[in-house]
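1. Curious how this folds, go ahead:
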Amino acid sequence: LIKNAIFEKLDNEVPADTAKETWLQIRNNLCSRALRVEFASFYRHFWISHYGKVQDNKLYSDFQKKVPKNEESYLSFLKEIEGASKRYAIILKPNLEDFSNKKEYAFVIEELASINNVFSIVQTRPVFLSLLYMHLEKKILTYKMFKKIIKGLSCFHFAYNAICSKRTSSLESPLNTFAYNMFHAENNKEIRDIVKELKQSLIGLLPTEEEFVENFTTLKYSKKSIPSNVLTKYTINKWQCILDGFDTMLPDSSIEQIKDEVANDEGTCLIGNLILLEQRINSGIPANSSFEEKLVYYNDSKYSMVHDFINENAKKTSWTEDEVFKRGQVWAKEYYAK
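-> Model prediction:
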């Protein structure tokens, strides 16, 4: 309906050709990077970001109200959608070229991949449309604030969605309001106020420490392919980043089960039994090694997580189910605090 209204108005030869070319470019942007994006989903997120939240069945009537019915406005509107479609492709599959190959933006690629593929969150897309516009195009949003917002959102969704599986419907209002206000911000003071408002809203929605600990301690990782492997691997890698202040995860890491996985012992797959090791060290540990033997190999690791573990457990001669439970509890509380 929206497309027909635009093209019906742009019936002269020159604007009609421009409109067709722009519409084709929008579709090409959404189909680039081996993506399959539903146009309706993209348009809904675009509208939230630029014009505000509205019920799906009122998108057309809202378009009629907010976009003046003339040739100039419709051509401008199409260009606006085209720009948003480029940013939408970045959100779904970013690369360093999107950020002039500056390595300091590597964190964006990792955080967006986590939100999309590990947490499976779509409600943030209007937010990221606005953030990318304000940082890359309008250039009001500073790199420091851009990074702070993305890192903060990632941490929130990790706790709220990935670990505690809480209802996403509670997030729509604060996220949509933030996306719209951010897109229309005119200066740094406005941005700071908008960010403060979002932060207060999300802090009010955070799960309690008890909820977080209860869910965190059930995370599992198996040598077999199980659904929780991806999230558990992310969780452990992220902890190492937190400890050492890295923006991106270590490329040579692998998950080690302190007590070797046993088919009928689910405790060996729990996060309390897991640690991050360099791949070369992990692959060099002989099968069926005792706890004391494993500690010798762990000593070669450069990871803070491993050093902390050795310091806490160097005097132990075995690793028991009780130790797994205790470590999971302590780790969960530390994670929540960080």
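2. so who does N12 touch?
-> E71 (Cβ atoms under 8 Å, 6 or more residues apart in numbering). Every C-beta, even on glycine, is put in place using the N, C-alpha and C of the backbone.
3. go again using 7 Å as the cut-off
-> Residues near N12 by Cβ atoms under 7 Å, 6 or more residues apart in numbering: none.
4. Over to K333?
-> Here K333 is in contact with E209, V213 (criterion: Cβ under 7 Å, 6+ apart).
5. buried set for the helix or strand harbouring it?
-> Per DSSP states H and E, K333 falls inside helix 321-337. Buried residues in helix 321-337, defined by neighbour count with 16 or more other Cβ atoms under 10 Å: E323, V324, R327, G328, W331, A332, Y335, Y336.
6. got it, and stretch 53-60?
-> K53, V54, L59.
7. Same check on stretch 305-317?
-> Buried residues in stretch 305-317 (16+ other Cβ under 10 Å): M305, V306, F309.
8. Same question for stretch 257-273.
-> Buried residues in stretch 257-273 (16+ other Cβ under 10 Å): Q257, I258, K259, D260, G267, T268, C269, L270, I271, G272, N273.
9. Mind checking what secondary structure K69 has?
-> coil (DSSP: H, G, I helix; E, B strand; the rest coil).
10. ok, how many other residues are close to it?
-> 10 (other Cβ atoms under 10 Å).
11. list the contacts for it?
-> By Cβ under 7 Å, 6+ apart, the contact set of K69 is K9.
12. and it, backbone torsions?
-> Note on K69: its backbone torsions stand at phi -90, psi 70 [degrees, to the nearest 10].
13. residues in contact with whichever strand or helix holds Q64?
-> According to DSSP H and E, Q64 maps onto helix 59-66. Helix 59-66 has contacts (Cβ under 7 Å, 6+ apart) with L1, I2, R44, W47, Y51, V54.
14. tell me the SS of K139?
-> K139 ends up coil, using three-state DSSP.
15. What does the pLDDT read for it?
-> K139 is assigned 96 on the pLDDT scale.
16. What is the neighbour count of it?
-> Neighbour count of K139, defined by other Cβ under 10 Å: 9.
17. S289 too?
-> Using other Cβ under 10 Å: S289 sits among 13 other residues.
18. Now stretch 79-98: buried residues?
-> 81-92, 94, 98.
19. what about the residue positioned nearest the centre of the chain, which SS state?
-> Nearest to the mean C-alpha position of the chain, counting by Cα atoms, centre = their mean, stands I115 at 2.3 Å. Look at I115: counting by three-state DSSP, its state is helix.
20. can you check P94 too?
-> At P94, secondary structure determined by three-state DSSP is coil.
21. Leaving out sequence neighbours, find the closest residue to it.
-> I109 (4.7 Å; Cβ to Cβ, 6 or more residues apart in numbering).
22. burial count for the one you found?
-> 17.
23. just to revisit the earlier point, mind putting the buried residues of stretch 53-60 into JSON lines with pLDDT and distance to Q200?
-> Shown next, in JSON lines, are those (pLDDT from 0 to 100; distance: Cβ to Cβ, whole Å):
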{"residue": "K53", "pLDDT": "95", "distance to Q200": "19"}
{"residue": "V54", "pLDDT": "94", "distance to Q200": "25"}
{"residue": "L59", "pLDDT": "96", "distance to Q200": "30"}
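24. rewinding a little: compute the mean per-residue pLDDT across the helix holding K333, please.
-> 97.
25. Then stretch 292-299?
-> In this model, stretch 292-299 has an average pLDDT of 96.
26. roughly how far is it from the heart of the chain?
-> Distance of stretch 292-299 from the chain centroid (Cα atoms, centre = their mean, to the nearest Å) equals 35 Å.
27. hang on, the earlier thing: next step: the buried residues of stretch 79-98 restricted to helices.
-> In helices, judged by DSSP state H, the following of the buried residues of stretch 79-98 are found: I81, E82, G83, A84, S85, K86, R87, Y88, A89, I90, I91, L92.
28. Name the residues of stretch 210-217 that are buried.
-> Within stretch 210-217, the residues that count as buried by 16+ other Cβ under 10 Å are E211, F212, V213, N215, F216, T217.
29. ok, of these, which one's closest to W239?
-> F216 (10.8 Å; Cβ to Cβ).
30. quick one, phi/psi of the closest one?
-> Dihedral pair for F216: phi -60, psi -40, per degrees, to the nearest 10.
31. wait, doesn't it sit right on Q329?
-> No - using Cβ atoms under 7 Å, F216 is not in contact with Q329, being 8.9 Å away.
32. All good on my end, thank you.
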